[in-house]
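J.: The following comprises the amino acid sequence and a computationally predicted model.
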Amino acid sequence: MRALPGRSSRSSLVETPASVTRDSVAAEQRRRILRAVAELVAKRGYDAVKVDLIVKRARVSFKTFYAHFAGKDECFLAVFDTAAAVAARSMRAAVAEAGDSWPRQVDAALRALFSLVTADPSMARACLVESLTAGPPLIARYERALGDFAALLEPGRRLSAHEADLPPTLDDTVAGAVSWFLYQRLVVGEIDELRRRRPEALEFVLRPYLGEREARAQARALAAIGSGDDAA
């Protein structure tokens, strides 16, 4: 889940080793390769990225690249897996800090997810947009990541006055809608709009579970509570 020059050094979805020592050379090489693939795929599209472009951007040799990965496909799978793991860890931590309120938990998860996207739009575009064109293994990982987000929504069913009538696919549908919302913003380059429109996204997520009036009230209240964080 950076098209703009100057942001590429502030990676949030591929973590940088604290220091580059003899023991961490391989980890640093791998990090540079993953970053190069994410940026190239985000800019050019998956099919247009070749290994020669990757090694040039990552400043590694072909031998080094193939010491880490069998090819471009395996490398991009690693990009997605790394980004998905960081995103999941960030959302879990945010939910854990949010307390027992389910609307607050959902709000915390969306804040964490949207923050990662705005901090690293190239990685987000590679994972949320271009991965859908990279073949069945990537699509399977994409769907699994959506399933993890849908699991966060499932407790909302018990808060619904119409729990028995909620369709079994609701959680997956809402998770997919959030992903589509991010997809659209990434495609048209409206990354800076995400912070402003997050309350709107939260209301959309809460509405099928809490009803329109309560969802709007919760979204507005949580937006007001978090306005200081957004301004920081």
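T.: Received, thanks.
J.: C-alpha only now, for contacts and for neighbours.
T.: OK.
J.: ok, and for the longest helix seen in the chain, which residues are buried?
T.: Ranked by number of residues, the top helix in the chain under DSSP state H is helix 72-97. Across helix 72-97, burial judged by 16 or more other C-alpha atoms under 10 Å covers 72, 75-84, 86-88, 90-92, 94-95.
J.: now do stretch 134-145
T.: Within stretch 134-145, the residues that count as buried by 16+ other C-alpha under 10 Å are 134, 138, 141-142, 145.
J.: same thing with stretch 163-176?
T.: Residues of stretch 163-176 classed as buried by neighbour count (16+ other C-alpha under 10 Å): 170-176.
J.: what about it, distance to the chain center?
T.: Once both centres are worked out by C-alpha atoms, centre = their mean, to the nearest Å, stretch 163-176 turns out to sit 21 Å from its chain's centre.
J.: Can you tell me what sits against that stretch?
T.: By C-alpha atoms under 8 Å, 6 or more residues apart in numbering, the list of residues contacting stretch 163-176 from outside reads 146-147, 149-151, 153-154, 157, 205, 209.
J.: Pipe those into a markdown table and attach pLDDT per row.
T.: Output for those, formatted as a markdown table (pLDDT from 0 to 100):
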| residue | pLDDT |
| --- | --- |
| L146 | 92 |
| G147 | 92 |
| F149 | 92 |
| A150 | 93 |
| A151 | 93 |
| L153 | 93 |
| E154 | 94 |
| R157 | 93 |
| V205 | 95 |
| Y209 | 95 |
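J.: Out of those residues, which sit inside helices?
T.: Of the positions in these, 146-147, 149-151, 153, 205, 209 sit in helices, assigned by DSSP H.
J.: Can you turn the buried part of those residues into a ChimeraX selection?
T.: Entered in ChimeraX, the line below selects the buried ones among the ones in helices among the contacts of stretch 163-176, by 16+ other C-alpha under 10 Å:
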select :146,147,149,150,153,205,209
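J.: any low-confidence regions in the chain?
T.: Filtered on pLDDT under 70, the chain yields the residue ranges 1-23, 226-232.
J.: Let me know how buried F69 is, in neighbour terms.
T.: Neighbours of F69 under the rule other C-alpha atoms under 10 Å: 15.
J.: so how far is R30 from it?
T.: Distance of F69 to R30, computed by C-alpha to C-alpha, to the nearest Å: 9 Å.
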